[in-house]
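Asker: Show me how the following folds:
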Amino acid sequence: MSFSEAISPFFGRCALVWFFATAVMNILNDWHHVAAELTAKNIPAAPLVLLVAVIFIVMGAVSLLLGYHARHGAVLLFALTIMAAWALHPFWQIGDVGARAAEFQIFARDIAIAGGLLLIVGMGAGPFAVDNVSGGKGGGKRH
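Answerer: Next up, the predicted model:
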C-alpha cells in the first residue's frame, strides 16, 4: 500500500469532520435563527430537533476524526444528512427558477457528502484509525 493510499482516508475523514464541525459552529452561533428556519419549514419541536441533531453531529464527527466506530459514525451522519437534505432543501417544490437552482445545489452537495459517508461505511476508516489498532472492536476492517 502506497503512502497516499494509506493517508488519503484520514484526510478524507478530516474533510468531512471539518464540514460537520463548521455546520455545528454555525448552528450554535445563530441558534435562534436556525430554529426559526426549521419552524418555518414545518419541523415540529424545532429547538429539540436541533439539539438532538447537534449532539448526533458531534458524536459522528468525533467518531470520524478518531476513526473509532467510524462506520457507525458515518451511518449516523449519513442518516442526518439525507434527512436534512430532504426536509430542508425540497427544490422540487419551488417554482422560482433561481431559488430552485440554489436549493438544488445545496441538495446535491448534501447527497455527495452522503455518498462520501457511505464509502466510509463500506470501506472503513482506513489504516490511520483507532478501529484498526490491534484488538480494536470498533467496526474496522471486516475479514
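
Asker: Look up how far Ile120 lies from the residue nearest the centre of the chain.
Answerer: By CA atoms, centre = their mean, the chain has its centre lying nearest to Leu77, at 3.9 Å. Separation of Leu77 from Ile120 (CB to CB, to the nearest Å) stands at 9 Å. For every residue, glycine as well, the C-beta is placed using N, CA and C.

Asker: so Pro44, which of the three states?
Answerer: coil (DSSP: H, G, I helix; E, B strand; the rest coil).

Asker: Was I right to think Phe19 contacts Ile113?
Answerer: Yes: the criterion here is CB atoms under 8 Å, and Phe19 meets it with Ile113 at 6.5 Å.

Asker: In terms of neighbours, single out the busier of these two.
Answerer: Taking other CB atoms under 10 Å, Phe19 and Ile113 do not tie; Ile113 has more neighbours (19 against 15).

Asker: which stretch of helix or strand covers that one?
Answerer: Ile113 belongs to helix 97-123 when assigned by DSSP states H and E.

Asker: How about that helix, which residues are buried there?
Answerer: For helix 97-123, a neighbour-count test (16 or more other CB atoms under 10 Å) marks 103, 107, 110, 113-114, 116-117, 120-121 as buried.

Asker: coming back round to it: what touches both of Leu77 and Ile120?
Answerer: 16, 64 (CB atoms under 8 Å, 6 or more residues apart in numbering).

Asker: follow-up on the earlier one: now do the helix holding Ile113: which elements does it pack against?
Answerer: helix 3-29, helix 70-88 (3 or more CB pairs under 8 Å, 6 or more residues apart in numbering; DSSP states H and E).

Asker: where in this protein is pLDDT low?
Answerer: Residues of the chain that meet the criterion pLDDT under 70 lie in 134-143.

Asker: Kindly recompute the last result at 50.
Answerer: 143 (pLDDT under 50).

Asker: how far away is the closest residue to Val34 other than its chain neighbours from Val54?
Answerer: In space, and not counting its chain neighbours, Val34 is closest to Ile27: 5.2 Å by CB to CB, 6 or more residues apart in numbering. Shown here: Ile27 relative to Val54, a distance of 6 Å by CB to CB.
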